[in-house]
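**Student:** turn this into a structure:
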Amino acid sequence: MELQSVLHPKFLSRFSIASFVSLKSRTKHKFFASITGSKQNKEANFLAIDNGSSISAYPDVLRTGEELSGDSYNNLIRDSCRQGKIDLAMALLAKLEALGFHPSFVSYTCLIDTLGSAGKTLEADCLFQEMIFLGFKPRIKLYNVLLRRYLMEGLLGVGVRILRVMEEMGIGRNQETYEILLDYYVNAGRLKDAWSLINEMRRKRFRLSSFVYSKVIGLYRDNGMWKKAMDIVGEIREMGMVLDKQIYNSIIDTFGKYGELDEALEVFEKMKQEGIRPDITTWNSLIRWHCKAGDVNKAIGMLSEMQEQGLYPDPKIFMTIISRLGEQGKWDVMRTIFETMRSRGFKKSGMIYAVLVDIYGEYGKFQNAEECVSVLKSEGLLTSASLFCVLANAYAQQGLCDQTVKVLQLMEEEGFEPNVVMLNVLMNAFGIAGRYLEAESIYHHIKESGFTPDVVTYTTLMKAFIRAKKFDKVLEIYREMESAGCTPDRRARQIFEDAMVVLDQKHFY
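**Tutor:** Predicted coordinates:
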């Protein structure tokens, strides 16, 4: 049978196993570089390493030049993966293959798993295809790793192809496969697909775990049916299922989203009484919705209580707080919060929060994205796709389009591939700056590149058109969202209704 790379079609073209020879030397499309007109065209050979920076990280035995066996290299590769040192693992892989050896099955598994977790899907896919070419039979775990990563990037079409390859290879879906798909469908606002998947799980007698029920609650919540979401809680209790952290978090988030903050806090207290310790998701939800309700003081109090328990605020949540404080001109409060965090020992990791404060701050110390990233790296903070996304979003919220693009371009140069979340951030930056034509061009790029627009994509573009008073375009995008199988959420419906009111008034007069 012909096997095709499950990677994004713009990055890698189809190929059969028999033609698998030059996969590792293919070049990678650089989207964000093209926006800024950069002429750079760097070849993405993922086995190439910077000897100046990588060799110093090698174990002592490698620096001495001592010759190692294939088994020793395999052991070092697995150890590097377990420690999250993926660049070192890939450098070791290059040396192993230079000796004429290939990784073992376990080493391949570790490499693909670690690359996937680091957001390096191109390299993960290359190794996956190489594994099959060499006669290994990947297990369901690796298919799930790739499926999760591609869906996180918004590549639904690629995810569907992975499922098709699994079927052709005689590998059935397991509980994790279903939960990965459900998580994507709910987050992308694909209501019909989510319910169809849940019904399939029931038919095939898969367990509806607390994770599944928490997603069902989320489905109702995001579609304006919060009371029905609460009915699910009663159904869970009748079944004798104990409410766990995931379900409690979904309930708290549901109450918070619909402004029922007293009820959210009541559930929060009950959660603690039952011996369930709130996690980062719990605190993030409570802080977010109190900020949205305008109760910044309560949100700051929760931030402090959260830190007292040794938990670290999500940078996105921290950005929500400082955004509110920035609107009120309370720069001194921002600084006080950060200094308090530093006094509690959040030094290196806290640099991200310091940068966010400066981006929003009175003097704009880090208005230059390149300087910003350079400072973070000099402080020893490891770059990641999520870090770049948070920084890009901070610039986007201020409508600093050029700096948003620059952050995402720097991300690509670090080897992290663009995804629909980051493209949504860029679209938002153009929308806030009133550059709706550029926002629309990002939308078309998303579709042309094989990404699947989610509910955030459509809503962000609709907001850009509302700001530009292009009300007829709002209706056009809303209909596209519905025809694509994406269920409009409350925000999208509100934007649509606002546009309809304006258009009706124009026609009336």
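
**Student:** every contact and neighbour count from this point should use C-alpha atoms.
**Tutor:** Noted.

**Student:** so what touches stretch 396-415?
**Tutor:** 30, 32-33, 35-36, 120, 367-370, 373, 385, 388-389, 391-393, 395, 417-418, 422, 425-426, 428-433 (Cα atoms under 8 Å, 6 or more residues apart in numbering).

**Student:** for the lengthiest helix in the chain, buried residues please.
**Tutor:** Longest helix in the chain by number of residues, with DSSP state H as the criterion: helix 490-508. Buried residues in helix 490-508, counting neighbours by 16 or more other Cα atoms under 10 Å, are found at 491-492, 495-496, 499-500.

**Student:** tell me how far that helix lies from the chain's centre.
**Tutor:** Remark: helix 490-508 is offset 31 Å from the chain centroid, using Cα atoms, centre = their mean, to the nearest Å.

**Student:** same check, this time on stretch 422-433
**Tutor:** On Cα atoms, centre = their mean, the centre of stretch 422-433 falls 16 Å from the chain's centre.

**Student:** CA atoms of that stretch as PDB?
**Tutor:** What follows is stretch 422-433 as a C-alpha-only set of coordinates in PDB (Å, rounded to 0.1, in the frame of the first residue of the first chain):
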ATOM      1  CA  MET A 422      -0.700  31.600  16.300                       C
ATOM      2  CA  LEU A 423      -2.300  32.600  13.000                       C
ATOM      3  CA  ASN A 424      -5.400  33.600  14.900                       C
ATOM      4  CA  VAL A 425      -3.200  35.800  17.100                       C
ATOM      5  CA  LEU A 426      -1.700  37.500  14.000                       C
ATOM      6  CA  MET A 427      -5.100  38.000  12.600                       C
ATOM      7  CA  ASN A 428      -6.300  39.600  15.800                       C
ATOM      8  CA  ALA A 429      -3.300  42.000  15.800                       C
ATOM      9  CA  PHE A 430      -4.300  43.200  12.300                       C
ATOM     10  CA  GLY A 431      -7.900  43.500  13.300                       C
ATOM     11  CA  ILE A 432      -7.100  45.600  16.400                       C
ATOM     12  CA  ALA A 433      -4.900  47.900  14.300                       C
END
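
**Student:** for Glu266, grab phi and psi.
**Tutor:** Per-residue torsions, Glu266: phi -60, psi -40 (degrees, to the nearest 10).

**Student:** output the lowest mean pLDDT helix or strand found in this structure.
**Tutor:** Of all helical and strand segments in the chain, the minimum by mean pLDDT, DSSP states H and E falls on helix 51-54, at a mean of 37.

**Student:** what about the nearest residue to Ser80 once chain neighbours are set aside, how many neighbours?
**Tutor:** Excluding its sequence neighbours, the residue lying closest to Ser80 (Cα to Cα, 6 or more residues apart in numbering) is Ala89, at 5.4 Å. Counted with other Cα atoms under 10 Å, the neighbours of Ala89 add up to 27.

**Student:** what's the answer for Lys227, then?
**Tutor:** Based on other Cα under 10 Å, the number of other residues close to Lys227 is 13.

**Student:** Phe255 versus that one, what's the distance?
**Tutor:** Distance of Lys227 to Phe255, computed by Cα to Cα, to the nearest Å: 9 Å.

**Student:** please apply the same query to Ser441.
**Tutor:** 36 Å.

**Student:** so the two - more neighbours on which side?
**Tutor:** Shown here are Ser441 and Phe255; by other Cα under 10 Å, Phe255 has more neighbours (23 against 11).

**Student:** my read: the more buried one touches Ala264, true?
**Tutor:** Yes. Using Cα atoms under 8 Å, Phe255 makes contact with Ala264 at a distance of 5.3 Å.

**Student:** now the nearest residue to Ala464 once chain neighbours are set aside: which helix or strand?
**Tutor:** Closest residue to Ala464 apart from its sequence neighbours, by Cα to Cα, 6+ apart: Gly431 at 4.2 Å. Element membership for Gly431, per DSSP states H and E: helix 420-432.

**Student:** which strands and helices sit next to that helix?
**Tutor:** helix 385-397, helix 401-413, helix 436-448, helix 455-467 (3 or more Cα pairs under 8 Å, 6 or more residues apart in numbering; DSSP states H and E).

**Student:** please repeat the previous calculation with a cut-off of 6 Å.
**Tutor:** helix 436-448, helix 455-467 (3 or more Cα pairs under 6 Å, 6 or more residues apart in numbering; DSSP states H and E).

**Student:** how far off helix 385-397 does it point, in degrees?
**Tutor:** On the basis of axes from the mean of the first three to the mean of the last three Cα atoms, to 10 degrees, helix 420-432 is oriented at 10 degrees to helix 385-397.

**Student:** for helix 420-432, give me every contacting residue.
**Tutor:** 153-154, 393, 396, 399, 401, 439, 457, 460, 464 (Cα atoms under 6 Å, 6 or more residues apart in numbering).

**Student:** repeat for stretch 264-280
**Tutor:** With Cα under 6 Å, 6+ apart, stretch 264-280 has contacts from 252, 255-256.

**Student:** want to throw these into a markdown table with secondary structure?
**Tutor:** What follows is those, written out as a markdown table (DSSP: H, G, I helix; E, B strand; the rest coil):
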| residue | secondary structure |
| --- | --- |
| Ile252 | helix |
| Phe255 | helix |
| Gly256 | helix |
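
**Student:** ok, the closest residue to Phe136 other than its chain neighbours - how many residues close by?
**Tutor:** With Cα to Cα, 6+ apart as the criterion, Phe136 has its nearest non-adjacent residue at 7.0 Å, and that residue is Phe105. Applying other Cα under 10 Å, we find 14 residues neighbouring Phe105.

**Student:** run through the stretch 351-500 of the chain and note the low-pLDDT ranges.
**Tutor:** 361-364 (pLDDT under 70).

**Student:** and with 90 instead?
**Tutor:** Within the stretch 351-500 of the chain, the stretches with pLDDT under 90 are 351-405, 407-422, 433, 448-450, 485-494.

**Student:** can you map out the helices along the stretch 201-350 of the chain?
**Tutor:** 210-222, 226-238, 245-257, 261-273, 280-292, 296-308, 315-327, 331-343 (DSSP state H, counting those that start in this stretch).

**Student:** I misspoke; the intended subject was the stretch 1-150 of the chain.
**Tutor:** Per DSSP H, counting those that start in this stretch, the stretch 1-150 of the chain has helices spanning 31-35, 51-54, 60-63, 70-82, 86-98, 105-117, 121-133, 140-152. These are given in chain order.

**Student:** any chance of those in TSV, plus distance to Tyr312?
**Tutor:** TSV is the format used below for the helices of the stretch 1-150 of the chain (distance: least, Cα to Cα, whole Å):
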stretch	distance to Tyr312
helix 31-35	31
helix 51-54	30
helix 60-63	35
helix 70-82	23
helix 86-98	25
helix 105-117	20
helix 121-133	28
helix 140-152	23
